[in-house]
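>>> Just the structure for this:
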Amino acid sequence: MKLLVRVIEARNIPAMDPNGFSDPYVKLQLGKQKFKTKVVKKCLKPTWCEEFSFRVEDLKEELIISVLDEKYFSDDFVGQTKVLVSQVFDAGDKSLGTAWYSLRPKNKKSKNRDCGEILLTIYFSQNNSLMDLQLVGDNVSPSRKYAEMTIDSPSRPSGGPLRSASPLRSEEISFSKEDKSQSQTNFAGRIAQIFNKNGDTTSTTISRCLDSSEISETARPEVYEDKFEKQSSSGNFEEAIKTLESKDQGSEIPSNLPGGVLLDQLYLIAPPDLNSLLFSPNSNFSKTYADLVGTTELQQEPWKFENGGENLKRVVTYIKAATKLIKAVKAREEHTYLKADGKVFAVLASVSTPDVPFGSSFKTEVLYCITPGHQLPSGEQSSRLVISWRVNFLQSTMMKGMIEGGARQGLNETFEQYANLLSQNVKLVDMKDIGSSKEQVLASLQVETQSDWKLAVQYFANFTVISTILIGLYVLVHMWLAIPSTIQGLEFVGLDLPDSIGELIVCGVLVLQGKRVLELISRFMQARVQKGSDHGVKAQGDGWLLTIALIKGSNLAAVDSSGFSDPYVVFTCNGKTRNSSIKFQKSDPQWNEIFEFDAMDEPPSMLDVEVFDFDGPFDEAMSLGHAEINFVKTNISDLADVWVPLQGKLAQACQSKLHLRIFLNNTRGSNVVKEYLTKMEKEVGKKIRLRSPQTNSAFQKLFGLPPEEFLINDFTCHLKRKMPLQGRLFLSARIIGFHADLFGHKTKFFFLWEDIEDIQVVPPTLSSIGSPIVVMTLRPGRGADARHGAKTQDSEGRLKFHFQSFVSFNVAHRTVMALWKARALSPEQKVQIVEEESEAKSLQLVEEEFEAKSLQTEESGSYLGLEDVSMSLVYSSVLPVPTNFFMELFNGSEVDCRVMERTGCLNYSHSPWELEKADVYLRQICYKFDKRISRYRGEVTSTQQRSPLSDRNGWLVEEVMTLHGVPLGDYFNLHLRYEVEDIPSRSTGCNVQVFFGIAWLKSTRHQKRITKNILSNLQDRLKVMFSILEMEFVKGK
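A predicted model of the protein is given here:
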């Protein structure tokens, strides 16, 4: 008997390495028979999909499955599980099915009890009983018996589930103990095991020695041919696919294999039709492709169910055409459906070529994944075909790198012809159609409009408001029916106090209920004022345009007492934000709103999405969940219609998610790359050549990047960890990546420029071999996928990467700094770095300019230099206030403090007036804005200068204000000039004129908007300030 074990995957594997990952593999043992799977590098959720076969001689034996972590010297034990063979034999259909098994530590006293789980399929092979009866007692050679056993019996009923031997089953022999030939075969097998490195059975060697012609002569009767033709019909294939669809339980789509993507293309065909074209026995595509590449003797076995109908498999054999390096060889492919739900189809092809050098030590696996494509304007369905690969090593070999390189080259050439042939049979999807589908999708969205009355009814229809109204009516009726009480105690006319504890409690309840209702009314009115969102605001400029369609939300957390929330969404990209409207009392809100970000010179890297609960204008908004969308790690076509799960305690508890449709378009075409490189050349000071499409494609495949990413430059360097590792540093517009391949051991990682917090250069040391070291420090919590390349990590979670031994350090450092400044730094940080770099060079020039300017200002009498700013009149009026009282605004008196505080200036402080020169005084003031003035609560530092007018009939007050803590506040200074004159005809009056100007320190395209906003607020503030001053004057009379 043969026991078959399929090792599928594992989950929740503990991290055994310092980098936070493990290198797991599985070791299986039954008696003296041992097997092991391939090693999956740096993974806590590995996938193997490998099958092993064991000879069973004693049902009392125990199958031991152990998971280990590969190390250089001694592998670490992760966990194990044990299964009795008798348990499998006694089970129904002699199979335990596919199930998760908990991994347990060796020692029960081990501290780490949670070792993860492993997904296994364990069952006995069920050979046809009639075939076994024919073999017993027949005087035939063991090879002839083996040949007959590898073919299914022609007497198998066609109505039942089909079973076919797996690759390992077809290579092993199982005979009865009573048969003498069995003992001879076992004896020969044990002799062969002595020379077999893996301790495997002798079946592989024996099967290779068989003559294929002998097998075909003895194993192809006419009855079998008839059965084969019936099973090969498209009808049976379609029925088998429908059976798989009915059994699908919403399993995840298999991820691409780590070897790389061979084909990623959209086709104008429905997914089921594309699946039938590629894998149906009735399709001529496989035969046409075989003729194209020179493949001969193509034989496709029928699709058969195995393991109780859970797996659908088939075997394809052929002779591969000879190449310049390798002669024609036999190949065997085992196709297995991993997923089929009617929309998504995933087929894993395991290719064996034992006749090639080291062919018995590896298998090549190719994953075909068919998913639905974009929605087209014509209404036709499209499919996306992604083909990826990897090499599955059955045993260790020194030629691993050479085998992978040869396989990569051969597969690329093969699937290039595959793609060309497929494009001749199926029409490719034009990218212009996808663009038009975006417009169609966005045009189909209709914003849900509701009147204010409906929203008010929906918002106020709760227990608090209704109970307050009922209580209020009850009290009013009571007041109408009750007789006025006599005045007693401390009461007087107009003041009626409660006369008992009960009345006091009722009054308190009424006050609290009224307060809550007023708060609800205030929240509703403020929300209606802010109801205008950024929906429909068109983007401006040319470049990368980001468009987001917010469809709806699902299962948002309820934080209000009503069991709902008032959610709104904030999108942030490259420092710019877009806000959605507020949806009242919704846990599954429907928005259907469209947001566009202004054109960007470079493609964006991240999109931050956060959902807030509106809780009034003065309370801090509560976050209901957040999410990050990484454009570098995600194909933009996958974001055309996506549900984004939200992170956070509330969101994860409720499984909240948002339905988004995201589109990223380049309006500049192919010139965007050249323009970006031209801009970078000015920063670097060196010519940057444009890379070829082949180089960019290889760069994208190396790091799994989207097609819009392009390589700017790459440098040879060493990554310093415990030991220096030589590799190449790759720089693009959005990422910085490192790749090394040392004796087949690959190190690869990348992180975003936005993840970098600081870049420093360490002077050469003896350990760095006389080369400067570039130290890149990431922000806390960033770059988790690149942790294995970091040298250190501080207490706050910042990863530090050390790069050294650049061939041309100056060029590499300038390029790195230019890209980092252009991508990751805010405008303030850019200016700060530029100032620090140029400070030493320009210090002397600045001093000379300052001296010249100071001499000029002293002669003109304007110390603050206001003549350099264009001033305009913003306020002019005659106030019924004496000039001396008006100047109390600038004397630091109580009137000054009261007026400033009542106009929204908090923490107002000032210094005394100091004589700067004849009749010119200076002082400093500082305060913060109230929320009513600025929602950012910015801080103001101001310098005021006071001097008499030339005719001595008034005063001149000049002021320079600097704003802190507000957006773009360091881009400008505000200049004010107050001119106050006496009115001879009026003893209690003065003429006040206020002039205003802005001195721009940095250029920005928002100058007009900023000027307009400041001017309107300043005019309102001056009116309020002077009206309060008049009230203070009237009170003081």
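>>> OK, contacts around A740?
By C-beta atoms under 8 Å, 6 or more residues apart in numbering, the contact list for A740 reads 719, 725-728, 746-748. For glycine as for every other residue, the C-beta is placed from the backbone atoms N, C-alpha and C.
>>> Tell me the neighbouring strands of the strand or helix carrying it, and mark each as parallel or antiparallel.
Using DSSP states H and E, A740 falls within strand 735-742. Using DSSP bridges, strand 735-742 pairs in its sheet with strand 724-732 (antiparallel), strand 745-752 (antiparallel).
>>> now that strand, how far from the chain's geometric center?
21 Å (C-alpha atoms, centre = their mean, to the nearest Å).
>>> Around the nearest residue in space to V261 that is not next to it in sequence, count how many other residues there are.
What sits nearest to V261 in space, not counting adjacent residues and going by C-beta to C-beta, 6 or more residues apart in numbering, is S388, at 5.1 Å. A total of 20 residues lie near S388 under the criterion other C-beta atoms under 10 Å.
>>> P707 now?
So P707, with other C-beta under 10 Å, has 12 neighbours.
>>> my guess is it meets K701, correct?
No - under the criterion of C-beta atoms under 8 Å, P707 makes no contact with K701, lying 10.4 Å away.
>>> I'd like the distance from stretch 349-364 to the chain centre, please.
On C-alpha atoms, centre = their mean, the centre of stretch 349-364 falls 37 Å from that of its chain.
>>> Okay, buried residues for that stretch please.
349-356, 358, 360-364 (16 or more other C-beta atoms under 10 Å).
>>> Please apply the same query to stretch 1006-1025.
Quick answer for stretch 1006-1025 (16+ other C-beta under 10 Å): 1010, 1014, 1018, 1022, 1025.
>>> in a helix, that's where the first one is, yeah?
When you say that, I think you mean I1010. Yes - counting by DSSP: H, G, I helix; E, B strand; the rest coil, I1010 is part of a helix.
>>> The chain should start at 613 in everything you say after this.
All right, first residue 613 from here; so that's I1622.
>>> what's near enough to touch it?
1580, 1583-1584, 1610, 1616.
>>> Now render those residues as JSON lines, adding neighbour count, distance to F666 and pLDDT.
Output for the contacts of I1622, formatted as JSON lines (neighbours: other C-beta atoms under 10 Å; distance: C-beta to C-beta, whole Å; pLDDT from 0 to 100):
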{"residue": "L1580", "neighbour count": "15", "distance to F666": "72", "pLDDT": "74"}
{"residue": "Y1583", "neighbour count": "19", "distance to F666": "74", "pLDDT": "74"}
{"residue": "F1584", "neighbour count": "20", "distance to F666": "79", "pLDDT": "79"}
{"residue": "I1610", "neighbour count": "18", "distance to F666": "83", "pLDDT": "88"}
{"residue": "T1616", "neighbour count": "13", "distance to F666": "73", "pLDDT": "74"}
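>>> want to throw those residues into TSV with distance to N1503 and secondary structure?
Formatted as TSV, these follow (distance: C-beta to C-beta, whole Å; DSSP: H, G, I helix; E, B strand; the rest coil):
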residue	distance to N1503	secondary structure
L1580	33	coil
Y1583	32	helix
F1584	28	strand
I1610	27	strand
T1616	37	coil
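>>> What is the nearest of those to S686?
L1580 (59.7 Å; C-beta to C-beta).
>>> Please look at the closest one and T1616 and confirm they touch.
Yes - contact status for L1580 versus T1616: in contact at 6.2 Å, counting by C-beta under 8 Å.
>>> what residues does stretch 999-1015 touch?
650, 662, 809-810, 868-876, 962, 969-970, 972-981, 1016, 1019, 1023, 1027, 1030, 1353, 1355-1356.
>>> Buried ones only from the residues you listed, please, as a PyMOL command.
A single PyMOL command is used to select the members of the contacts of stretch 999-1015 judged buried by 16+ other C-beta under 10 Å:
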select buried, resi 650+662+868+869+871+872+873+874+876+962+970+972+973+974+975+976+977+978+979+980+981+1016+1019+1023+1027+1030
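>>> In strands only, show me the contacts of stretch 999-1015.
662, 872-876, 962, 974-981, 1353 (DSSP state E).
>>> and which of those residues is nearest to S1097?
Nearest to S1097 out of the ones in strands among the contacts of stretch 999-1015 is C981 (C-beta to C-beta; 83.7 Å).
>>> gap between that closest one and Y1030?
Using C-beta to C-beta, to the nearest Å, we find C981 at a distance of 15 Å from Y1030.
>>> cool, and S1008?
31 Å.
>>> Summarise which helices and strands the host helix or strand of A902 is packed against.
For A902, the host element (DSSP H and E) is helix 897-905. Counting contacts by 3 or more C-beta pairs under 8 Å, 6 or more residues apart in numbering; DSSP states H and E, helix 897-905 packs against helix 883-891, strand 908-912, helix 1012-1037.
>>> highest average neighbour count across these?
helix 883-891 (a mean of 20; mean count of other C-beta atoms under 10 Å).
>>> Summarise which helices and strands it is packed against.
Counting by 3+ C-beta pairs under 8 Å, 6+ apart, helix 883-891 packs on helix 846-859, helix 897-905, strand 957-964, strand 974-984, strand 995-1005.
>>> Return the angle between stretch directions for the longest one and strand 957-964.
Helix 846-859 and strand 957-964 are oriented at 110 degrees to each other (axes from the mean of the first three to the mean of the last three C-alpha atoms, to 10 degrees).
>>> Is the closest residue in space to V959 that isn't next to it in sequence bridged to anything, and to what?
The spatial neighbour of V959 that comes closest, neighbours along the chain excluded (C-beta to C-beta, 6+ apart), is Y980 at 4.5 Å. Bridge pairing for Y980 (DSSP bridges) gives the partners V959, I999.
>>> okay, Y980: pLDDT?
We have a pLDDT of 94 for Y980.
>>> what's the answer for V1141, then?
So V1141 comes in at 52 (pLDDT).
>>> likewise S753?
At S753, pLDDT is 34.
>>> Phi first, then psi, for S1599.
Here is the backbone geometry of S1599 (degrees, to the nearest 10): phi -80, psi -30.
>>> quick one: it from Q1021, how far?
Distance from S1599 to Q1021, by C-beta to C-beta: 100 Å.
>>> Could you chop this protein up by domain?
614-736, 850-1046, 1047-1092+1117-1278, 1283-1455, 1484-1648 (the TED database).
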